[in-house]
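Asks: no sequence on this one, just coordinates:
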C-alpha cells in the first residue's frame, strides 16, 4: 500500500530536489570548461531538454556522459569541487557506488535498495556515465553482451546472505561474467572501435548503443534556462535510445523513483541550495 502522505511530500519536494541537482550540474559544467573536459547531458536529462525544455516533470535525477578518457581526467580534478559536493565512486566511498556520482552532502535522497548498514553518502546527486568506444561488430550482439555483463556485475556485487540460492548465483553469474567479458575483450582486440559508443558494459543494463556521429562533435542545448553540452544530434541520439521519444507516457508510468527527499539538512549560506 502506498502512503498518500509520503507521496504528497515527494511531489512537494521534487522541484526543490531538481533545482539542487541543477546546481550540481552547473558546478560540473564550470569545472569541465575550466579544464577542457568534454561531457554531455544524457538519457532522461537530454530527453527532458528536448521535449520539456528542462526536467521531465516527474524525473528526479540528472544523467551526464563523458568518454572514459575524459572521465579519468575529471577524476583527477574533482578536488576542485565546492566543499559541500562529494565525488562518489567505488574508490572514494565503498563498493555500493557502481555509477559514479557527484553528491550534495547537505541533503538526503533515498532510493530503493539503499543499505543503511553501510555508511556511504546518500545525498542528492547527479550520475556520471563513463562511455566506452565499442568494437565494430553486430549491434544486436553488442547489446546482448552488455545486458549479460551488466546483470552479472549487478548480482555479483549485490549484498548476499548465506543461502543455497546465493551459492548457486555466485557460480552461475560468475561463469556468465567470465564468458561474456571474454567475448567482449576478444571483439575489442579483433575489431576497430570507431563506430559505436555507450556506457562501459557493467553499467549498460538496457544494452543501449549510440553511433559516434550522433554524439560528436558536441553541441549545446538549453536545459532549465541554461546552456549545457549535448550530443551533436540530440534527435538521432534519443531515437537510438528511446525510439519515439516525443510520446508522453501514460500517467501510470510517470513514476518518481526516489522514496524520500530532504533537499537541505542544515541552513548554510555556503551550500548551493
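Replies: Perfect, thanks for sending it. Computed from a prediction, not measured in an experiment: that's the story for all the values here.
Asks: what about the closest residue in space to residue 57 that isn't next to it in sequence, neighbour count?
Replies: Nearest in space to residue 57, with sequence neighbours left out and distances taken as C-beta to C-beta, 6 or more residues apart in numbering, is residue 254 at 7.5 Å. For every residue, glycine as well, the C-beta is placed using N, CA and C. By other C-beta atoms under 10 Å, 12 other residues sit near residue 254.
Asks: how about residue 157?
Replies: Residue 157 has 13 nearby residues by other C-beta under 10 Å.
Asks: looks like it contacts residue 98 (just checking).
Replies: Yes: at 6.6 Å, residue 157 and residue 98 qualify as touching, with contact defined as C-beta atoms under 8 Å.
Asks: list the buried residues for stretch 212-232?
Replies: If you call a residue buried by 16 or more other C-beta atoms under 10 Å, then stretch 212-232 has these buried ones: 214-215, 221, 223-224, 228-231.
Asks: just the helices in the stretch 1-150 of the chain please.
Replies: 4-35, 43-52, 68-76, 139-156 (DSSP state H, counting those that start in this stretch).
Asks: out of these, indicate the one that is most buried.
Replies: helix 43-52 (a mean of 20; mean count of other C-beta atoms under 10 Å).
Asks: could you tell me the angle between it and helix 4-35?
Replies: Relative orientation of helix 43-52 versus helix 4-35 (axes from the mean of the first three to the mean of the last three C-alpha atoms, to 10 degrees): 100 degrees.
Asks: from the middle of its chain, how far away would helix 43-52 be?
Replies: 14 Å (C-alpha atoms, centre = their mean, to the nearest Å).
Asks: helices and strands around that helix, which ones?
Replies: strand 63-67, strand 219-223, strand 226-230, helix 234-242 (3 or more C-beta pairs under 8 Å, 6 or more residues apart in numbering; DSSP states H and E).
Asks: ok, now with 7 Å
Replies: strand 63-67, strand 219-223, helix 234-242 (3 or more C-beta pairs under 7 Å, 6 or more residues apart in numbering; DSSP states H and E).
Asks: what's next to the first one, contact-wise?
Replies: Spelled out, that is strand 63-67. 28, 37-45, 74, 126-131 (C-beta atoms under 7 Å, 6 or more residues apart in numbering).
Asks: dump the buried residues of stretch 212-232 into TSV; add distance to residue 149 and pLDDT as well.
Replies: Putting the buried residues of stretch 212-232 into TSV (distance: C-beta to C-beta, whole Å; pLDDT from 0 to 100) gives the following:
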residue	distance to residue 149	pLDDT
214	23	98
215	21	98
221	30	98
223	31	98
224	34	98
228	30	98
229	28	98
230	27	98
231	24	98
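Asks: which of those residues lies closest to residue 2?
Replies: Each of the buried residues of stretch 212-232 was scored against residue 2 by C-beta to C-beta, and residue 224 proved nearest at 28.8 Å.
Asks: what about the protein, any weak spots by pLDDT?
Replies: 95-96, 160, 268-273 (pLDDT under 70).
Asks: in it, which residue is closest to the centre?
Replies: residue 127 (3.8 Å; C-alpha atoms, centre = their mean).
Asks: that one against residue 99, yeah?
Replies: Yes: using C-beta atoms under 7 Å, residue 127 makes contact with residue 99 at a distance of 5.2 Å.
Asks: which neighbours do these two share?
Replies: Common neighbours of residue 127 and residue 99 (C-beta under 7 Å, 6+ apart) do not exist.
Asks: ok, residue 21 - contacts?
Replies: Residue 21 touches 61-62, 124, 126, counting by C-beta under 7 Å, 6+ apart.
Asks: out of the residues you listed, which is nearest to residue 166?
Replies: Nearest to residue 166 out of the contacts of residue 21 is residue 61 (C-beta to C-beta; 29.6 Å).
Asks: OK, contacts around the residue lying closest to that closest one once chain neighbours are set aside?
Replies: In space, and not counting its chain neighbours, residue 61 is closest to residue 127: 6.2 Å by C-beta to C-beta, 6+ apart. Counting by C-beta under 7 Å, 6+ apart, residue 127 touches 61-64, 99, 101.
Asks: columns distance to residue 92 and neighbour count on top of these, output as TSV?
Replies: Output for these, formatted as TSV (distance: C-beta to C-beta, whole Å; neighbours: other C-beta atoms under 10 Å):
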residue	distance to residue 92	neighbour count
61	19	21
62	19	28
63	20	20
64	17	27
99	13	16
101	10	23
